[in-house]
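S.K.: Quick one: sequence plus predicted model below, questions after.
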Amino acid sequence: MKSKAWLAPFVGPQQTVRGLRLQTLVRLRWMAVIGQTGAILWVYMVLGFSLPLGPCLAVIALSAWLNVFLSLRWRTSIRLHERYAAALLAYDLVQLAVLLYMTGGLENPFSFLFLVPVTVSATSLPLERTIWLCVIALISVTVLAVSHMPLPWGPVDELILPPLYISGVWAALCCGLIFSALYVSRIAREAREMSDALATTEEILAREQKLHALDGLAAAAAHELGTPLATISLVAKELKRDHKDNDSIREDLELLVSQADRCRDILSRLADREAQSDEMFARLNVLVMIDEIAGPLRGTDVDINLNAPATANGEGTASTQPVFPRSPAIIYGIGNLLENAVDFAASTVDIEVNWDSDEVVITISDDGPGFAQDVIERLGEPFVTTRPRYLGDAVSTDSDGHQGMGLGFFIAKTVLERSGASVALANRAYPATGAIVRIAWSRSTIEVEPAAEA
């Protein structure tokens, strides 16, 4: 219990999965200790340049002892709270600044190593922590530009760099620190958002697959329950004959027989559904699929109109209606887009299905306000939403209206594209208002063979 109390300050509630691992910082610092020691000894012993060897080795030894202490006191596999991870990276910046102060300041070519702790922070810590580390690095760079000990060099031909050159090094380091902090932080955040969104997508698809598998479980239950239910019905009929003169018992037995017969009818339908599952239930015509998806959304204030104009193939004859697999992913993706259209529509949502011998196109349009211009180019990315009550990271607590996380359209687009579809967005041409979503498949990619008729 005591060790867990010591760990409490290090592991934050939001850092259990994403926090920077202590082992990572310890290994990076060991690399720095080895590199710094090798560079100091090479310059002093091999090149013969004069430098304060003792103080330099003392600063490096302090980092080594810090690593030993952290490794002995805590398990290196723990993930640090962002506050303590930033503190350790800040120490690395200060240690490097002190070492560079004694070895030439910005005249030392190793001054570019200020970028390392800031970049590590940008990849794994919040932007606020990275900004503070960047400020510490900028202050250190500025101090080293104007105040430092001489650059270790030979007694003959002493190297004196002009102030203009030092100013250029300072400007380059400042630009590099700011750019790396912002750019790497942005890339890391997008990677984390994409990882979260994909994990959510997989979770939703797994739930849809489980729901899809219930049909098979129900059919299996029909077979298993058939025999005991037949026994119950037989015993109830015999009891009914034995107690035909007792009206109260006879009425109860008649009710029992009728309910048993009803259960047998239900089970027989489930069994028939399983018998047809491979040929009928596992595939369906595209219009039947759209009507099935739109069914739960009908009955609201928004009218849902399904239109399928006749489409001819290259020879001038009507193409056969496409047959889709009953894919939970496709059904979920189209259902999500249709639900969005219903949510934003003023009064009408139109679904138009077109097909020919090469392509199947489903177009969903509504008469709502359409896609906002500032997000239409980013729709399809995770955590981007047009919901009016979702503002950045803050979601309104108002119970009215639908609150979105910005994942629905991303998941729908992802699962549909995995099925081979292309998804395109647009707003209706002026003066009409509303959004248009176009989903298109190649028939060779999506279509399955029609079920054979019995």
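M.R.: Here it is on my side, so go on. Numbering: from 1, shown residues only.

S.K.: how about the helices of the stretch 201-350 of the chain, start to end?
M.R.: 247-275, 286-294, 328-344 (DSSP state H, counting those that start in this stretch).

S.K.: low-scoring stretches of the stretch 251-400 of the chain, by residue?
M.R.: 266-281, 310-319, 374-400 (pLDDT under 70).

S.K.: what do you get if the cut-off is 50, keeping everything else the same?
M.R.: By pLDDT under 50, the weakly predicted segments of the stretch 251-400 of the chain are 274-277, 312, 314, 316-317, 389-400.

S.K.: Deepest-packed of the helices of the stretch 201-350 of the chain, please.
M.R.: helix 328-344 (a mean of 21; mean count of other C-beta atoms under 10 Å). The C-beta positions use only the backbone N, C-alpha and C, and glycine is treated the same way.

S.K.: which helices and strands sit right next to it?
M.R.: Helix 328-344 sits against helix 163-242, helix 286-294, strand 348-355, strand 359-366, helix 408-418, strand 435-442, with contacts defined as 3 or more C-beta pairs under 8 Å, 6 or more residues apart in numbering; DSSP states H and E.

S.K.: Mind listing what's buried along stretch 77-93?
M.R.: 78-82, 84-86, 88-93 (16 or more other C-beta atoms under 10 Å).

S.K.: Which of those sits closest to Trp65?
M.R.: Tyr91 (12.1 Å; C-beta to C-beta).

S.K.: For the closest one, which non-adjacent residue is closest in space?
M.R.: Leu66 (7.3 Å; C-beta to C-beta, 6 or more residues apart in numbering).

S.K.: so the one you found makes contact with Ala87?
M.R.: No - counting by C-beta atoms under 8 Å, Leu66 stays clear of Ala87, with 11.4 Å between them.

S.K.: on that earlier part again, among the helices and strands packed on helix 328-344, single out whichever gets nearest to Thr320.
M.R.: Closest among these, using C-beta to C-beta: strand 348-355, at 8.6 Å.

S.K.: Between strand 435-442 and the closest one, find me the angle.
M.R.: 20 degrees (axes from the mean of the first three to the mean of the last three C-alpha atoms, to 10 degrees).

S.K.: Residues touching strand 348-355, excluding its own?
M.R.: Outside strand 348-355, the residues within contact range by C-beta atoms under 8 Å, 6 or more residues apart in numbering are 286-287, 290, 294, 302-309, 311, 319, 321-322, 338, 341-342, 360-367, 443.

S.K.: For PyMOL, write the selection for the buried entries among those residues.
M.R.: Restricted to buried positions by 16+ other C-beta under 10 Å, the PyMOL selection for those reads:
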select buried, resi 286+287+290+294+302+304+311+319+321+322+338+341+342+360+361+362+363+364+365+366+367+443
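
S.K.: of all the helices of the stretch 201-350 of the chain, which lies closest to Leu53?
M.R.: Among the helices of the stretch 201-350 of the chain, the nearest to Leu53 by C-beta to C-beta is helix 328-344 (66.1 Å).

S.K.: what's the following helix or strand after the helix or strand where the residue nearest to Tyr91 lies?
M.R.: In this structure, Leu66 sits in helix 53-73 according to DSSP states H and E. Using DSSP H and E, the next helix or strand after helix 53-73 towards the C-terminus is helix 82-101.

S.K.: What is the nearest of the buried residues of stretch 77-93 to Thr200?
M.R.: Arg79 (21.9 Å).

S.K.: Show me the beta-bridge partners of the closest one.
M.R.: Arg21 (DSSP bridges).

S.K.: Distance of the residue nearest to Tyr91 relative to Val118?
M.R.: According to C-beta to C-beta, to the nearest Å, Leu66 and Val118 sit 19 Å apart.

S.K.: Ok, Glu339 next?
M.R.: For Glu339, the distance to Val118 - C-beta to C-beta - is 44 Å.

S.K.: Equivalent analysis for Glu254, please.
M.R.: Glu254 is 83 Å from Val118, by C-beta to C-beta.

S.K.: just to revisit the earlier point, Serialize the helices of the stretch 201-350 of the chain to JSON lines and add fields for distance to Arg241.
M.R.: JSON lines is the format used below for the helices of the stretch 201-350 of the chain (distance: least, C-beta to C-beta, whole Å):
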{"stretch": "helix 247-275", "distance to Arg241": "9"}
{"stretch": "helix 286-294", "distance to Arg241": "46"}
{"stretch": "helix 328-344", "distance to Arg241": "49"}
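
S.K.: which stretch among those comes nearest Leu125?
M.R.: Of all those, helix 328-344 comes closest under C-beta to C-beta, at 33.9 Å.

S.K.: and the angle from the closest one to helix 408-418?
M.R.: Using the same axes, to 10 degrees: helix 328-344 against helix 408-418 is 140 degrees.

S.K.: Ala345 reaches Ser365, doesn't it?
M.R.: No - the pair Ala345 / Ser365 is not scored as a contact, 9.1 Å apart, by C-beta under 8 Å.

S.K.: Overlap in contacts, the two.
M.R.: By C-beta under 8 Å, 6+ apart, the residues touching both Ala345 and Ser365 are Gly434.

S.K.: Domain-wise, how is this structure divided?
M.R.: Domain segmentation of the chain under automatic domain parsing yields 2-161, 214-281, 283-446.

S.K.: Please produce JSON lines containing the ones you listed, extended by distance to Glu202.
M.R.: Listed next are those as JSON lines, based on distance: least, C-beta to C-beta, whole Å:
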{"stretch": "domain 2-161", "distance to Glu202": "16"}
{"stretch": "domain 214-281", "distance to Glu202": "20"}
{"stretch": "domain 283-446", "distance to Glu202": "10"}
